[in-house]
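Visitor: fold the following, please.
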Amino acid sequence: MGYLEDILVPIAVACVLPIMIVWLIVRAKMNETNQRTHIVLAAIEKNPDMDLEELMTKISPKKKLLKEKLLSKLLWGSIITFLGSALIVFCIVQGIIGGMPTAALQQFSLVGAVLLGIGIAFLINYHVGRKMLAKEMEAEQAKLLEQA
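Guide: Numbers count the residues shown, from 1 in each chain. Now for the predicted structure:
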């Protein structure tokens, strides 16, 4: 029975969990779209002469600015890098103390290394994006100042 768990748990984590997450995200977006559609249809039924473009801009989700997207990458990169580093330090300390089995330490250190790599990738993406998109962010900021 233990052998079956050793096979099913990684399959569930590697296959089923990502599929469920994607399904939930797609379902939530479809629900948002359906709600906006119902609002527009109800508005058309009540007042057929209304300006639909104005209504759509009011109920559509606001787009994030380039600066907000980059700051989001910085935030997630910092969080994931910290988690990966903390997990690796935890494994080193547990290896010195000897409180955990070696196999568990290897698995935790592998997860920590993956998290650290992902976090560093986010941070690199932030720094490169900030340099490459500097002109676009300035133009976006100027456009916002014109609208205000």
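
Visitor: show me the helices in this structure, by range?
Guide: For the chain, applying DSSP state H gives helices covering 2-11, 17-46, 52-59, 66-97, 102-132, 134-147.

Visitor: reformat those as a markdown table; add mean neighbour count and mean pLDDT.
Guide: In short, each C-beta sits where N, CA and C put it, glycine included. Converted to a markdown table, the helices of the chain look like this (neighbours: other C-beta atoms under 10 Å; pLDDT from 0 to 100):
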| stretch | mean neighbour count | mean pLDDT |
| --- | --- | --- |
| helix 2-11 | 9 | 78 |
| helix 17-46 | 11 | 90 |
| helix 52-59 | 11 | 80 |
| helix 66-97 | 15 | 93 |
| helix 102-132 | 15 | 92 |
| helix 134-147 | 11 | 85 |
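
Visitor: what's near enough to touch the most centrally placed residue in the chain?
Guide: By C-alpha atoms, centre = their mean, the chain has its centre lying nearest to Trp76, at 7.8 Å. Contacts for Trp76 were tallied using C-beta atoms under 8 Å, 6 or more residues apart in numbering; they are 119, 122.

Visitor: could you measure from Lys63 over to Thr57?
Guide: Remark: distance between Lys63 and Thr57 (C-beta to C-beta, to the nearest Å) = 11 Å.

Visitor: any idea how far the residue lying farthest from the centre of the chain lies from Leu55?
Guide: Residue farthest from the centre of the chain, counting by C-alpha atoms, centre = their mean, is Asp49 at 40.2 Å. Distance, Asp49 to Leu55, by C-beta to C-beta: 12 Å.

Visitor: verify the stated contact: Met100 with Gln94.
Guide: Yes. Using C-beta atoms under 8 Å, Met100 makes contact with Gln94 at a distance of 4.6 Å.

Visitor: break the chain down into its structural domains.
Guide: Using automatic domain parsing, the domain parsing of the chain gives 1-61, 62-148.

Visitor: show me the contacts for Leu8.
Guide: With C-beta under 8 Å, 6+ apart, Leu8 has no contacts at all.
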